[in-house]
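> coordinates only, sequence not included:
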Ligand code: DC
């Protein structure tokens, strides 16, 4: 186990990026609880907008303006939850609804819309500006908080990520075939890494961790050890 972190960490910003299923949310949640930070799952926000589009039967390309209008009036609220972060849209709980295969099918398309990104990025910046946060997503270290105190980029093979996703979905009572999950993950990787606006990419100063052969707890220990080293070096006293 890594040694403890000083109190002054309360203002820190940690960015965890990487592709779907690399372990970002599990790792971020554990670190948040160990270091008493607020965990912000930005993927849930893109999923909430996707839910808004599907709920209103919006054709993504042809009726983009309708979605943007609805989004400008929408309030997305993230609250701490038992197992995962709770998500409310205009006060209506959609925590479980945003985890369905249908949302997964369209979320990369929705998150490639530049206006959706700029709206959510500014919301995320407001949520994180006070510090004391660990935020996971695809563009946190590159776009949302390019000056984050610590940037981690998690990767794993698509097979391993698919297998982890299958276990998570099972816990929600959703049974999916491993090959289909893997194909879906690879399709999302492609859209997320090739979109025009802030595509998924590792920030130059992010630390790369391959989670294929190590447990979530080993990843957590590595990150906390890196943070301790950084805090020691910077003498900044967060
Ligand atoms: O992490 P997740 O699987 O819940 O993310 C859902 C989708 O949202 C993912 O396919 C890409 C998109 N996303 C994004 O573009 N930028 C983020 N910061 C977070 C997620």
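Great, that's in hand. Predicted, not measured: the structure shown is a model, and the values here were computed from it. Numbering: from 1, shown residues only.

> Tell me who's in contact with residue 141.
15, 17, 148, 151, 152, 153, 202, 203, 205, 206 (C-beta atoms under 8 Å, 6 or more residues apart in numbering). Placement of C-beta: from N, CA and C, glycine included.

> So what's the residue count around the second one?
Residue crowding around residue 17 was assessed by other C-beta atoms under 10 Å; the count is 28.

> just use 184 as the starting number from now, easier for me
In the new count, where the first residue is 184, that last one comes out as residue 200.

> all strands for this structure, in order.
Along the chain, the stretches classed as strands by DSSP state E are 196-200, 221-224, 259-262, 269-272, 275-276, 316-320, 333-338, 390-393.

> dump the residue contacts of residue 358.
Contacts of residue 358 by C-beta under 8 Å, 6+ apart are residue 352.

> which parts of the protein sit against the ligand?
203, 225-226, 229-230, 290-291, 294, 320-322, 371, 375 (C-beta under 6 Å from any ligand atom).

> Which members of these occur in helices, if any?
Counting by DSSP state H, the residues of the chain next to the ligand place 225, 226, 229, 230, 290, 291, 294, 371, 375 in helices.

> The residues you listed: which two are farthest apart?
Using C-beta to C-beta, the two most remote members of these are 225 and 371, lying 14.9 Å apart.

> could you give the angle of the longest helix seen in the chain to strand 333-338?
Across the chain, the longest stretch assigned as helix under DSSP H is helix 399-417. Computed by axes from the mean of the first three to the mean of the last three C-alpha atoms, to 10 degrees, the angle separating helix 399-417 from strand 333-338 equals 150 degrees.

> quick revisit: so among the contacts of residue 324, which ones count as buried?
Among the contacts of residue 324, the ones that count as buried by 16 or more other C-beta atoms under 10 Å are 198, 200, 331, 334, 335, 336, 385, 386, 389.

> pLDDT below threshold where in the protein?
For the chain, applying pLDDT under 70 flags the ranges 184-191, 417-421.

> what about residue 330, neighbour count?
Residues near residue 330, counting by other C-beta under 10 Å: 9.

> what's the answer for residue 360, then?
10.

> Residue 303 and residue 228 touch, don't they?
Yes: applying C-beta atoms under 8 Å as the test, residue 303 and residue 228 come out as touching, 5.1 Å apart.

> The two - which one has more neighbours?
residue 228 (24 against 21).

> what's the more buried one in contact with, if anything?
Contacts of residue 228 by C-beta under 8 Å, 6+ apart are 259, 261, 270, 303, 306, 307.

> I'd like those as JSON lines, with distance to residue 352 appended.
Converted to JSON lines, those look like this (distance: C-beta to C-beta, whole Å):
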{"residue": "259", "distance to residue 352": "23"}
{"residue": "261", "distance to residue 352": "21"}
{"residue": "270", "distance to residue 352": "17"}
{"residue": "303", "distance to residue 352": "24"}
{"residue": "306", "distance to residue 352": "27"}
{"residue": "307", "distance to residue 352": "26"}
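
> Among those, list the two that are farthest apart in space.
For the contacts of residue 228, the farthest-apart pair by C-beta to C-beta is 270 and 307; their separation is 13.8 Å.
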